[in-house]
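1. Predicted model follows, preceded by the sequence.
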Amino acid sequence: MFRAVLKSFQSKWKSYRHRFVPWVVLNLSKNEKTLRQVTGLSKDKLVPDEEVSQSLLRLFRVLLRSHWANHGELRAAQTPFLRQVTSDDEQLCGGNLVCGDDAMLQSLGFCIDRKPSTLPFAGTGVFVTKGFVRKGATVAMYPGTIYQANEPILLQSIRNPFVFRCIDGVLIDGNDKGISKMVFRSCSGRDRLGPFMMSDTSWLTDSPQNPLAVGQYVNNCSNERPANVCYQEYDVPDTFPIELRQYLPNVNYSHDTQRPLRCVVLVSLRDITAGEELFSNYYTIVH
Ligand SMILES: C[S@@+](CC[C@H](N)C(=O)[O-])C[C@H]1O[C@@H](n2cnc3c(N)ncnc32)[C@H](O)[C@@H]1O
């Protein structure tokens with residue numbers, strides 16, 4: 001009997017696409033109705049990676065332009081890409097600088113922010129605060145340190161509800177406190193390339209430079225509050241401009257990782273209006 005239960009648990013466990021490890025263990029039998037079911041890994045992507053890239057590039061270009069105007073030291077690091085972004089955007093925006101919320105509203109058509117969840121005892125949640133989110137939009141990013149399947153995360157994972165698991169065993173530690181925070185800062189400092197940072201550490205504060213980087217605070221859906229966003233893996237392509245990587249809220253734990261940087265984005269499952277809280281699905285079963 002015990003063996004049969006264990007076997008069923010193991011097979012269920014293996015097919016989970018994303019999971020917050022401690023949360024799944026405690027809630028495995030709850031809310032079966034809210035499980036997201038997909039029929040194959042390739043079907044799990046709601047939008048193509050190219051669309052995700054386009055959204056990120058649109059936002060990051062606006063952020064870069066504002067950063068450029070406010071940080072004189074960047075001007076010393078002129079590259080053809082920087083020259084092009086600043087001159088293009090001057091024409092597009094008529095010289096008006098925007099940052100934070102405004103950058104998001106201008107480039108994506110909506111803003112998101114953290115606030116107390118509408119669910120009892122669920123702590124902080126993430127809300128659409130302005131504008132309108134169309135189905136299939138990139139609504140948020142899941143920030144944190146990336147651990148490949150064979151890398152040790154034991155200390156950082158103790159009592160940590162922000163450890164997110166992808167199907168290939170890659171883990172993302174999105175905790176913005178304690179040892180997780182120290183690890184992220186240290187890896188981010190290590191990976192800079194000349195004048196360019198390869199990742200953004202400001203998601204560890206109350207005001208992230210990249211306003212999408214709050215996806216770790218999105219709460220799990222329930223029977224009453226169905227999911228309106230879902231997780232989607234996004235491996236940063238080699239062609240992603242070096243000058244814009246400073247807005248990526250992820251960094252590899254190991255400095256010699258031989259694969260593209262893993263990010264996870266949250267994509268809207270339907271149109272979402274201002275005032276709505278975002279709910280994801282902590283469990284996805286791949287058949
Ligand atoms: C990744 S964190 C999400 C952010 C969290 N709300 C916070 O304020 O830190 C996951 C934790 O949020 C809480 N949570 C998420 N969804 C919930 C729900 N539907 N009801 C109650 N608590 C929830 C659980 O404590 C869970 O371990």
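-> Received it, and whenever you're ready, just let me know what you need.

2. Nearest to the ligand: which residue in this protein?
-> Closest residue of the chain to the ligand, C-beta to the nearest ligand atom: residue 123 (2.5 Å). (Glycine included, C-beta is placed from N, CA and C.)

3. Could you check how far that residue is from residue 142?
-> Distance check for residue 123 against residue 142: by C-beta to C-beta, to the nearest Å, it reads 17 Å.

4. These two: who's more crowded?
-> Using other C-beta atoms under 10 Å, the more surrounded residue of residue 123 and residue 142 is residue 142, with 30 against 11.

5. Once you drop chain neighbours, what's closest to residue 117?
-> residue 125 (3.3 Å; C-beta to C-beta, 6 or more residues apart in numbering).

6. how many other residues sit next to that neighbour?
-> Count around residue 125 with other C-beta under 10 Å applied: 18.

7. tell me the phi and psi of residue 126?
-> When read as degrees, to the nearest 10, the backbone of residue 126 gives phi -120, psi 140.

8. re the thing from before, so what's the residue of the chain closest to the ligand closest to, chain neighbours aside?
-> residue 117 (6.2 Å).

9. can I assume residue 85 sits in a helix?
-> Yes - looking at residue 85 with DSSP: H, G, I helix; E, B strand; the rest coil, it is inside a helix.

10. what ranges of this structure fall below the confidence cut-off?
-> 1-2, 5-6, 8-19, 21-44, 69-77, 87-100, 285-287 (pLDDT under 70).

11. Would you mind listing what in it touches the ligand?
-> Contacts of the chain with the ligand, taken as C-beta under 6 Å from any ligand atom, map to 20, 23, 117, 119, 121-125, 161-162, 216-217, 219-220, 222.

12. Buried ones only from these, please, as a PyMOL command.
-> Of the residues of the chain next to the ligand, the buried ones go into a single PyMOL selection, burial set by 16 or more other C-beta atoms under 10 Å:
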select buried, resi 20+117+119+125+162+216+217+219+220
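
13. And the furthest pair within the residues of the chain next to the ligand?
-> For the residues of the chain next to the ligand, the farthest-apart pair by C-beta to C-beta is 162 and 222; their separation is 19.7 Å.

14. Helices of this protein, residue ranges please.
-> 2-15, 21-27, 49-70, 80-93, 100-108, 154-157, 178-190 (DSSP state H).

15. I'd like to know which elements the longest one is packed against.
-> Spelled out, that is helix 49-70. If you count contacts as 3 or more C-beta pairs under 8 Å, 6 or more residues apart in numbering; DSSP states H and E, helix 49-70 packs onto helix 80-93, helix 100-108, strand 138-141, strand 229-235.

16. Convert it to CSV, retaining C-alpha atoms only.
-> Coordinates of the C-alpha atoms in helix 49-70 are reproduced here as CSV (Å, rounded to 0.1, in the frame of the first residue of the first chain):
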residue,chain,number,x,y,z
ASP,A,49,10.7,33.3,-27.5
GLU,A,50,11.0,36.0,-30.3
GLU,A,51,8.0,37.8,-28.9
VAL,A,52,9.3,37.7,-25.4
SER,A,53,12.6,39.1,-26.7
GLN,A,54,10.8,41.9,-28.5
SER,A,55,8.9,43.0,-25.4
LEU,A,56,12.0,42.9,-23.2
LEU,A,57,14.0,44.8,-25.8
ARG,A,58,11.3,47.5,-26.1
LEU,A,59,11.3,48.1,-22.3
PHE,A,60,15.1,47.9,-21.9
ARG,A,61,15.8,50.4,-24.6
VAL,A,62,13.6,52.9,-22.9
LEU,A,63,15.3,52.2,-19.5
LEU,A,64,18.7,52.5,-21.2
ARG,A,65,18.0,55.8,-22.7
SER,A,66,16.9,57.3,-19.3
HIS,A,67,19.9,55.6,-17.6
TRP,A,68,22.2,57.1,-20.2
ALA,A,69,20.9,60.6,-19.7
ASN,A,70,21.4,60.4,-15.9
